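Colleague: This is the structure alone, sequence omitted:
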């Protein structure tokens, strides 16, 4: 079975966007993201080649860089890959730790794929330690997180693993149904490796149903694909299945496959593959009556399976050991092995294993001519067999296979139909091109006809112009006669012209006066506007001056008081160094603490005055960073929710500084006094204000009228920026609300 190889390169683009837009306060760069995901991809490649140790080196580098650069997504995927490799090496000690880290980071950054993969790998671990019901539950949880649109590959992997577990529980109908669902997805994705894996699993189910021809067909299809893509681990597993199958059909074929299986098992380095190869070789030696050699290999295979924790395989090997001991005339040893088989099968409630136990036990009693015991065990075998496989189950399985093959044929028919339609469209396209050419020819002919008509019209216009010229000559003669009459009218017109000129001069004078007045008004407006700008600039400088004074006062108070305290502690520790070294050591520790505190406070003030931190988004990132660094080491779970609508809103310098200091004071109070294990932080807003709500599930130890220095300081800071601070204690914890008016 495939454990699940992760392909992280698909998430490089997501990481780049996160670095540029979502990770402004993170340490990692785009180059760091590319390096981390390339290391994870390299680990996958080494794992695919069976080089587990090389894969470990790559993924550990990715984890170290992710932690150093504070890249949470890379850290989560690296932890999941380490868990996957530990499982393949059968080193179970630290698997839970890495799985839980991956799951925790997935929930923290809301990465649905990471959460799905974490539950998926948890199922593989539970399956290895034979907790099948919990493993099935974990797979169904994984399916609830995978997204059908983007995670179809992982959905198919999960369906495949679910089919494997249901097969182990004897639920063959549900098992094959899940295998075929996975096979459809992998074929659509063109993933040959996973197609071969599914084909092999379907072959195993048919083998359990005693349909060996169909089982051989599926195994060979799987082997052909695995050899094509160079899947060493898969080739080794499939060869082992073919050896088991042909052991009861053709010993010569089984020997050929077994020789290849041993070679690939050694190359893969996988313990389970080696154990399977030993078991298959023992089966062949048994058929050659080499019982002693077969027993040694069978016992060796059982010890490997016991080391990996696969109790079902251990029980199967014990059955073969019992039969071999019986063939070696050691019935007492055979009975002991049968008792071990029954103990494992009964503890695991494994019906197929109980069926195999009773069947082999019946044969054992038959060989020893204890027919009553043989019949009793054979009846029990039949009971379990009938409970697992009935005619309806076989019919349903065949229906599923027929449905799958029908769907495959329908897809091929649809493809042929699409190709035929494409050809028809091409023919139709050619017909339309011919029609277009004919229309163009017709248009050209019509254009020629129009040109001929235009020429006729031009000739008609020339004749019309000659007629108009003749008429103009007649009009000129008439005008000469009227000229004498016009001379008398000229004198009258000159007088009217003089009167109009006087009126125009008067109008110009009025216009000039109006323009002069307009210029004066514009000049006055310009002076007033400059005066307004100057007043505004003076007001802004006054505000900046006040902010600088406040920051200087904060720095003076904070640094002055702390330096005074450090000076006193240094002086006292120096005097006490010889007489009371322990006390001096405590004072030096206090000096270090106060130095760190003043450094952090100065960092907060410098951060607040930087213009690129003016948005609530930047303030939220700063608060999230502080909460993570202070609460998580105290095992306090942090939930951070922010209304996306307010992330782009701007807060003034003074407001940013005071909000950050109030927030840090509340978080420190929770750590010191509340005894909480969960803190919920959220930004919300209404039409008139923003609200920062900090809620813990601890114990309120103060009073509503408290006048302590911390509470009074927070109240004063809230009032200084026009806000309001509320403390709401309750039976299930305390809520602190900071209400800020919207400017």
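Modeller: In hand now; what should we look at? Just so it is clear, the structure is predicted and the values come from calculations on it, not from any experiment. Numbers count the residues shown, from 1 in each chain.
Colleague: does residue 34 belong to a helix or a strand, and which?
Modeller: helix 30-48 (DSSP states H and E).
Colleague: wait, residue 682
Modeller: In the assignment (DSSP H and E), residue 682 maps to strand 678-685.
Colleague: so residue 123 touches residue 133, yeah?
Modeller: No - proximity of residue 123 to residue 133 does not meet the contact threshold set by CB atoms under 8 Å, at 10.9 Å. C-beta here means a position set from N, CA and C on the backbone, and glycine is covered the same way.
Colleague: Those two: who's more crowded?
Modeller: Taking neighbours as other CB atoms under 10 Å, residue 123 and residue 133 compare with residue 123 leading, 26 against 11.
Colleague: Report the buried residues of whichever helix or strand the more buried one is part of.
Modeller: Taking DSSP H and E as the criterion, residue 123 maps to helix 112-128. For helix 112-128, the buried set under the neighbour-count rule, 16 or more other CB atoms under 10 Å, comprises 113-128.
Colleague: Out of these, which comes closest to residue 676?
Modeller: Within the buried residues of helix 112-128, distances to residue 676 taken as CB to CB reach their minimum at residue 115, with 25.2 Å.
Colleague: so what's the closest one up against?
Modeller: 103, 106-107, 145 (CB atoms under 8 Å, 6 or more residues apart in numbering).
Colleague: what's the closest of the residues you listed to residue 28?
Modeller: Residue 28 lies nearest to residue 106 out of the contacts of residue 115, by CB to CB, at 18.2 Å.
Colleague: give the contact list for the closest one.
Modeller: With contact taken as CB under 8 Å, 6+ apart, residue 106 is in contact with 76, 112, 114-115, 117-118.
Colleague: one more time with 6 Å
Modeller: By CB atoms under 6 Å, 6 or more residues apart in numbering, the residues touching residue 106 are 76, 114-115, 118.
Colleague: Quickly check those for the two that are furthest apart.
Modeller: Using CB to CB, the contacts of residue 106 span at most 9.3 Å, a distance reached by 76 and 115.
Colleague: contact partners of stretch 241-256?
Modeller: 215-216, 219, 257-258, 261, 280, 283-284, 287.
Colleague: Span of it from start to end?
Modeller: End-to-end distance for stretch 241-256, by CA to CA, to the nearest Å: 13 Å.
Colleague: buried set for it?
Modeller: Buried-residue list, stretch 241-256, by 16+ other CB under 10 Å: 241-247, 254-255.
Colleague: again with stretch 307-318
Modeller: By neighbour count on 16+ other CB under 10 Å, the buried set for stretch 307-318 is 308, 310-318.
Colleague: What is the nearest of those to residue 621?
Modeller: residue 308 (45.7 Å).
Colleague: Identify the residue spatially nearest to the closest one, adjacent ones excluded.
Modeller: Excluding its sequence neighbours, the residue lying closest to residue 308 (CB to CB, 6 or more residues apart in numbering) is residue 90, at 4.3 Å.
Colleague: Checking that neighbour next. Helix, strand or coil?
Modeller: Under DSSP: H, G, I helix; E, B strand; the rest coil, residue 90 falls in the coil class.
Colleague: Let me see the confidence value for it.
Modeller: Note for residue 90: predicted pLDDT of 77.
Colleague: Residue 360 too?
Modeller: 90.
Colleague: What is the burial count for it?
Modeller: Neighbours of residue 360 under the rule other CB under 10 Å: 20.
Colleague: element containing it, please.
Modeller: Here residue 360 is assigned to helix 351-367, by DSSP H and E.
Colleague: And the helix or strand just after that helix, what does it pack against?
Modeller: Per DSSP H and E, the first helix or strand lying C-terminal to helix 351-367 is helix 371-388. Helix 371-388 sits against helix 351-367, with contacts defined as 3 or more CB pairs under 6 Å, 6 or more residues apart in numbering; DSSP states H and E.
Colleague: Need the contact partners of the helix it packs on.
Modeller: Applying CB under 6 Å, 6+ apart, the set of residues contacting helix 351-367 from outside is 170, 315, 319, 326, 338, 341-342, 345, 373-374, 377-378, 380-381, 384-385, 388.
Colleague: What are the buried residues along it?
Modeller: 351-365.
Colleague: and that helix with helix 371-388, angle?
Modeller: Going by axes from the mean of the first three to the mean of the last three CA atoms, to 10 degrees, helix 351-367 is angled at 160 degrees with respect to helix 371-388.
Colleague: so where is the stretch 51-200 of the chain shaky, pLDDT-wise?
Modeller: By pLDDT under 70, the stretch 51-200 of the chain contains no weakly predicted segment.
Colleague: all helices in it, in order from the N-terminus.
Modeller: 52-68, 72-88, 95-109, 112-128, 132-145, 152-168, 172-189, 192-208 (DSSP state H, counting those that start in this stretch).
Colleague: Columns distance to residue 611 on top of these, output as JSON lines?
Modeller: Shown next, in JSON lines, are the helices of the stretch 51-200 of the chain (distance: least, CB to CB, whole Å):
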{"stretch": "helix 52-68", "distance to residue 611": "30"}
{"stretch": "helix 72-88", "distance to residue 611": "28"}
{"stretch": "helix 95-109", "distance to residue 611": "29"}
{"stretch": "helix 112-128", "distance to residue 611": "36"}
{"stretch": "helix 132-145", "distance to residue 611": "41"}
{"stretch": "helix 152-168", "distance to residue 611": "44"}
{"stretch": "helix 172-189", "distance to residue 611": "49"}
{"stretch": "helix 192-208", "distance to residue 611": "53"}
